[in-house]
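> Predicted model and sequence below, questions to follow.
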Amino acid sequence: MRYYTLRHKDVAHVAASQDGKRAYILRAYMTMNTLLLKGHDGTIPGLSEAVDLESPDVTLLSPIPHPRQDVICLGINYSDHAKEAESFDKEAFSKDRPDPIFFSKRVSYSQGTGDVIPMHEDICDSLDYEAELGVVIGRQASKVRAEDALDYIFGYTVINDVSARNLQTRHKQWYFGKSLDGFTPMGPCIVSKDEFDGIPALPIKTYVNGELRQSSNTANLITGIPEIIEILSAGMTLEPGTVIATGTPSGVAMGMDPPSFLKDGDEVVCEIEGIGRLVNICRK
């Protein structure tokens, strides 16, 4: 099942779709956070209103416009990005390191596909993109073993971990430079875990104005999703609606020679096969 938050005739709804074309409004849930807390068995009530997802009356919002918590992020979690990061962080990030790198990302409001990425030109001069697989937790998770982690996942989405590289460098940490307003586009939907055979191994790509910038597979994560959940839940309770951004592959703007940062009017498409395309335009 594919779960959406959408606006239909100026009213926001939670909706579900089996084919990504026609969705059914789930009026029992005021928000996606409500659905994640209560759970959903995948059934569509017989009297549910159906909407065409491509209708001009329908606008796709972020599936979780207001996450309940900061997004938990993995840093340098693809080996090719680890090598690329050495060129601008001046630090060796080995794919054989024993422990993952975690940080958080403040999200007051998450935009959906079709929304603008604000450039914050007054404080940001090096705007960058990062396509990431987002994991959405569906059950309270504490001290979960890796082999049981799938039981606690609700589904998966696409995240663009937009980053102000100059702020990362200036403040010598990732939180502020990745937490500016509008820096967490997410969508177009959440795809439930039962649509995949176990932990998904999916092609992940980014295009800027049609040019392929990032291309990898989520199977290439250094620390896999079950291990991420085991490590975090060992001392941190993960709640329904917790979002984990699992890291980005190589091909970010800062890693290019010379760097090719985003400009006003650039179209950024983050795409994960089996989930969808997250499309945003950069604006001053």
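Received, thanks. Residues are numbered from 1 along each chain as shown.

> How far does stretch 217-226 sit from its chain's centre?
15 Å (Cα atoms, centre = their mean, to the nearest Å).

> brain fart, stretch 60-68
Using Cα atoms, centre = their mean, the offset of stretch 60-68 from its chain centre is 11 Å.

> what comes up buried for that stretch?
Within stretch 60-68, the residues scored as buried using 16 or more other Cβ atoms under 10 Å are 60-65, 67. Just so you know, the C-beta spots here come from the backbone N, C-alpha and C atoms, and that holds for glycine as well.

> what comes into contact with it?
3-7, 12, 31-33, 36, 53, 107-115, 136, 157, 185-190, 239, 241-243 (Cβ atoms under 8 Å, 6 or more residues apart in numbering).

> Could you pick out the buried ones from those residues?
Looks like the contacts of stretch 60-68 have 3-6, 31-33, 36, 53, 107, 110-113, 115, 136, 157, 185-190, 239, 241-243 buried, using 16+ other Cβ under 10 Å.

> Which of these fall within helices?
Among those, the members found in helices (DSSP state H) are 32-33, 36.

> Run a quick neighbour tally on the nearest residue to residue 196 once chain neighbours are set aside.
Among residues not flanking residue 196 along the chain, residue 274 sits closest, at 7.0 Å (Cβ to Cβ, 6 or more residues apart in numbering). Neighbourhood size, residue 274 [other Cβ atoms under 10 Å]: 13.

> quick one: secondary structure of residue 274?
coil (DSSP: H, G, I helix; E, B strand; the rest coil).

> ok, it to residue 189 distance?
As judged by Cβ to Cβ, to the nearest Å, residue 274 and residue 189 stand 11 Å apart.

> hmm, back to that, tell me which of the ones in helices among the buried ones among the contacts of stretch 60-68 is nearest to residue 270?
Nearest to residue 270 among those: residue 32, at 19.4 Å, using Cβ to Cβ.

> In this structure the closest one contacts residue 13, no?
No: look at residue 32 against residue 13 with Cβ atoms under 8 Å: they stay out of range, at 10.1 Å.

> what residues do these two have in common as contacts?
residue 5.

> May I have stretch 248-265 exported as PDB, CA atoms only?
Listed next in PDB are the C-alpha coordinates belonging to stretch 248-265 (Å, rounded to 0.1, in the frame of the first residue of the first chain):
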ATOM      1  CA  THR A 248      23.300   9.400   0.800                       C
ATOM      2  CA  PRO A 249      25.500   7.900  -1.900                       C
ATOM      3  CA  SER A 250      28.300   9.800  -3.800                       C
ATOM      4  CA  GLY A 251      27.600  12.500  -6.300                       C
ATOM      5  CA  VAL A 252      26.700  15.400  -4.000                       C
ATOM      6  CA  ALA A 253      27.500  18.900  -5.400                       C
ATOM      7  CA  MET A 254      30.200  19.500  -2.800                       C
ATOM      8  CA  GLY A 255      32.100  16.400  -4.000                       C
ATOM      9  CA  MET A 256      32.300  17.500  -7.600                       C
ATOM     10  CA  ASP A 257      35.500  19.200  -9.000                       C
ATOM     11  CA  PRO A 258      34.700  22.000  -9.100                       C
ATOM     12  CA  PRO A 259      31.700  21.900  -6.700                       C
ATOM     13  CA  SER A 260      28.400  22.500  -8.600                       C
ATOM     14  CA  PHE A 261      26.000  23.900  -5.900                       C
ATOM     15  CA  LEU A 262      22.300  24.400  -6.500                       C
ATOM     16  CA  LYS A 263      21.200  27.700  -8.100                       C
ATOM     17  CA  ASP A 264      17.900  29.600  -8.300                       C
ATOM     18  CA  GLY A 265      15.500  27.700 -10.500                       C
END
